[in-house]
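Colleague: Need coordinates for the following:
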Amino acid sequence: MPSNIRNFFWLNVLSLVLGLGTAILAVMLLILWLIAFKRQNWARWLWIALFVLGTPGYIAIFKDLLGISLAGAISLTQVALQLVALYFVFTGNAKPWFRRTEAEAS
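Modeller: Below is the predicted model of the structure:
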């Protein structure tokens, strides 16, 4: 393989990896929008599933975060905010809001 082709490949791979964070952020914002403004119940369940799937990874790095006081505090605050947000989207007046009728859906 010519060096220019190899360089082309690896530079594009690096570019895609760097863009992955932005892409993930865009997808998460889209899911939030679907939950909050489009009343998509499946998106609400996807959100909690993603939270649950991410929990083992968070637990695995939790001990390391405690050694970095500011990062640990921010991380704990994020988890607390997410837990409270999940409580709100599955309780109280949120439950009937997601049970819309066919007339409301169109």
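Colleague: Would you mind measuring from L50 to L66?
Modeller: Relative to L66, L50 is positioned 24 Å away (Cβ to Cβ, to the nearest Å). C-betas here are computed from N, CA, C, even on glycine.
Colleague: actually Q82, sorry about that
Modeller: Taking Cβ to Cβ, one finds Q82 at 18 Å from L66.
Colleague: before we move on, what about N12?
Modeller: From N12 across to L66, the span is 38 Å (Cβ to Cβ).
Colleague: which of those two has more neighbours?
Modeller: Shown here are N12 and L66; by other Cβ atoms under 10 Å, L66 has more neighbours (13 against 10).
Colleague: thought the more buried one was touching S75?
Modeller: No. Applying Cβ atoms under 8 Å, one finds L66 not in contact with S75, separated by 9.2 Å.
Colleague: and the longest helix belonging to the chain, what other elements does it pack with?
Modeller: Using DSSP state H, we find that the single longest helix of the chain is helix 3-36. When contacts are defined as 3 or more Cβ pairs under 8 Å, 6 or more residues apart in numbering; DSSP states H and E, helix 3-36 packs onto helix 41-67.
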